[in-house]
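Trainee: With the input below, show me the fold.
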Amino acid sequence: RKKLMDSGDYDDAQLDTTIQLLSEKNLINDKMYAMNYFKRCTRLGIGHNKAIYNLRNYGVDTEIIDTCLEELDDDEEYQAAMLLINNYYQRNSTISYRNIQRKIKEKLFLKGFTNDVIDKAMAEYDFEYDLDLLLRRYNVKNFIGLYSLDGNQIDSMMTCSKDTAKIMLSMGLNHLGTGD
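Mentor: Numbering: from 1, shown residues only. Model prediction:
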């Protein structure tokens with residue numbers, strides 16, 4: 001209504017008739033629009049909080065938004081969060097364990113995911129570091145086989161160079177080869 005009033009010289013009778021006709025043909029349906037918007041946001045990696053904020057700015061009634069949220073499956077938002085975590089983690093695997101988790105949480109929060117979904121996804125995602133790959137990326141030549149091929153620890157960090165020790169500490173590993 002507001003958009004039509006701002007766009008031209010229409011009187012109230014014309015506006016009412018037009019809106020009623022569009023509603024009867026189901027061309028104006030806020031609930032259907034909100035449901036489709038939530039699904040599109042989930043597909044694009046945008047969380048429910050940001051979608052709610054945008055829908056309110058578009059003028060969708062809060063009751064309609066709440067009704068749509070009740071009908072939505074929370075698992076879809078969770079899966080979208082897991083996909084974002086995986087994508088971001090794969091692109092930034094050289095960052096230390098603590099920093100990557102902090103950055104991913106911030107990214108999910110900025111994308112509008114709910115705290116429950118963020119906490120659940122972060123707890124269930126398997127953050128693994130391939131030490132050999134990371135050390136190769138850092139061009140560490142003095143790596144003295146702290147880990148065997150099956151991942152079991154052989155020696156302590158005392159047997160490696162200072163550079164290797166610094167890199168391992170920056171990855172969030174202590175001298176026992178585990179996170180702090």
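
Trainee: Can you spell out which helices and strands pack onto the host helix or strand of residue 55?
Mentor: For residue 55, the element it lies in under DSSP states H and E is helix 48-57. The helices and strands touching helix 48-57, judged by 3 or more Cβ pairs under 8 Å, 6 or more residues apart in numbering; DSSP states H and E, are helix 30-43, helix 62-71. C-beta: built from backbone N, CA, C; applies to glycine.

Trainee: what's the closest of those helices to residue 122?
Mentor: Nearest of those to residue 122, taken as Cβ to Cβ: helix 30-43 at 18.2 Å.

Trainee: ok, and for the closest one, which residues are buried?
Mentor: 30, 34, 35, 37, 38, 41, 42 (16 or more other Cβ atoms under 10 Å).

Trainee: Can you tell me what sits against that helix?
Mentor: Identification of contacts with helix 30-43 by Cβ atoms under 8 Å, 6 or more residues apart in numbering yields 26, 47-48, 50-51, 54-55, 60-61, 64-65, 67-69, 71-72, 76-77, 80, 112.

Trainee: just stretch 103-116 next, same as before
Mentor: With Cβ under 8 Å, 6+ apart, stretch 103-116 has contacts from 41, 45-53, 77, 80-81, 84-85, 88-89, 92, 95, 117-118, 121-122.

Trainee: try it again with 7 Å
Mentor: For stretch 103-116, the surrounding residues in contact (Cβ atoms under 7 Å, 6 or more residues apart in numbering) are 45-51, 77, 81, 84-85, 88-89, 95, 118, 122.

Trainee: Determine which two of those residues are furthest apart.
Mentor: Maximum distance among these (Cβ to Cβ): 28.6 Å, for 51 and 95.

Trainee: Which of these two has more residues huddled nearby?
Mentor: Set residue 51 next to residue 95 and count neighbours by other Cβ atoms under 10 Å: residue 51 wins out with 24 against 19.

Trainee: quick one: low-confidence ranges for this structure?
Mentor: The chain contains residues with pLDDT under 70 at 1-5, 8, 93, 129-180.
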